[in-house]
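Enquirer: Pasting the sequence and the predicted model now:
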Amino acid sequence: MRLSVTVKATKPSSLVTWIRYSSAASSPIVSLNPSGRLQQTLAGSVEVKGKSLHSGKFSTVKLIPEIAGAGRYFEFRSRFIPASIEFAQESPLCTTLLKDELKIRTVEHLLSALEAKGVDNCRIQIESKSSDDREVEVPIFDGSAKEWVDAIEGVGLKVAQNHVGESVEKMVAHVNKPVYVCKNDSFVTAFPALETRITCGIDFPQVPAIGCQWFSWRPLHESSFAMDIAPSRTFCVYEEVSSIVVA
């Protein structure tokens, strides 16, 4: 994807509405173009278990290879929830997918790792210990995407084939004109560009250890995400934690 993005956030803020709009296939802002690469999936299955951040419950996640064109989706209570912005729900301090009254919470690190490592098709089975839960949360581990990257690299990738044994080209999103969106004191700006470059900034004056920081990144090689982005850990301040009410 050839995209240049600038993001600044001084506190957690959702831009789900804008992303839904700009990612629509019919939108003149974003178009889907051939990438010249074939869709991939995992070379084998991998299972991980861990404790969730918001609920404190344990869950089990199994990443399973899928055919070309299937995309990435969660399986929970024998129901399927696509990992798509159409099913994203605004929620405090995490990204939540909602379909048929079932919720998958804190999906951001896992989905980031799958996208960055080129896993275009994957069935994500997730289970909680309680059989009557209507929502489940992806394990948080150390608060980063590193463990997911390690799991993906450990099993490897292969070219995905569809149900008749054919490979399928991967389509990628291209921004066709500049976009600027602001909500409260956060903003996102996206520009057409010849290469992917992301610049982001945060400003937490109430936390001197964090303060104001800016970071600019572009993928220089295959390991760039694993080295530069995946180990980045999520954080929050005490006031945010004490105000969270788990639905």
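Expert: Alright, I've got the coordinates.

Enquirer: contacts and neighbour counts: CA atoms only from here.
Expert: Noted.

Enquirer: pLDDT below threshold where in the protein?
Expert: 1-27, 240-247 (pLDDT under 70).

Enquirer: What lies in contact with stretch 32-40?
Expert: For stretch 32-40, the surrounding residues in contact (CA atoms under 8 Å, 6 or more residues apart in numbering) are 25, 68, 118-121, 157-160, 167-174.

Enquirer: buried ones in it?
Expert: Of all the residues in stretch 32-40, those buried under the rule 16 or more other CA atoms under 10 Å are 32, 38-40.

Enquirer: Could you do stretch 175-191 as well?
Expert: Those would be 175-176, 179, 186-188, 190-191, for stretch 175-191 by 16+ other CA under 10 Å.

Enquirer: Could you export those as a markdown table, including distance to Val107 and secondary structure?
Expert: Output for these, formatted as a markdown table (distance: CA to CA, whole Å; DSSP: H, G, I helix; E, B strand; the rest coil):
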| residue | distance to Val107 | secondary structure |
| --- | --- | --- |
| Val175 | 24 | strand |
| Asn176 | 28 | coil |
| Val179 | 25 | strand |
| Ser186 | 21 | strand |
| Phe187 | 22 | strand |
| Val188 | 21 | strand |
| Ala190 | 23 | strand |
| Phe191 | 26 | strand |
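
Enquirer: In these, find the pair that's most separated.
Expert: The largest separation in the buried residues of stretch 175-191, counting by CA to CA, is between Asn176 and Ser186 at 22.6 Å.

Enquirer: What segments of the protein are helices?
Expert: 16-22, 108-116, 146-155, 224, 238-243 (DSSP state H).

Enquirer: got the buried residues for stretch 106-113?
Expert: Under the neighbour-count criterion of 16+ other CA under 10 Å, stretch 106-113 has 106-107, 109-113 buried.

Enquirer: ok, now which ones touch Val207?
Expert: Contacts were defined as CA under 8 Å, 6+ apart; by that measure Val207 touches Val237.

Enquirer: if I look at it, how far off is Glu66?
Expert: Separation of Val207 from Glu66 (CA to CA, to the nearest Å): 44 Å.

Enquirer: residues near the residue lying closest to Tyr73 once chain neighbours are set aside, how many?
Expert: Ranked by CA to CA, 6 or more residues apart in numbering and with sequence neighbours excluded, the top spatial neighbour of Tyr73 is Pro82, at 4.1 Å. Per other CA atoms under 10 Å, the neighbour tally for Pro82 reads 19.
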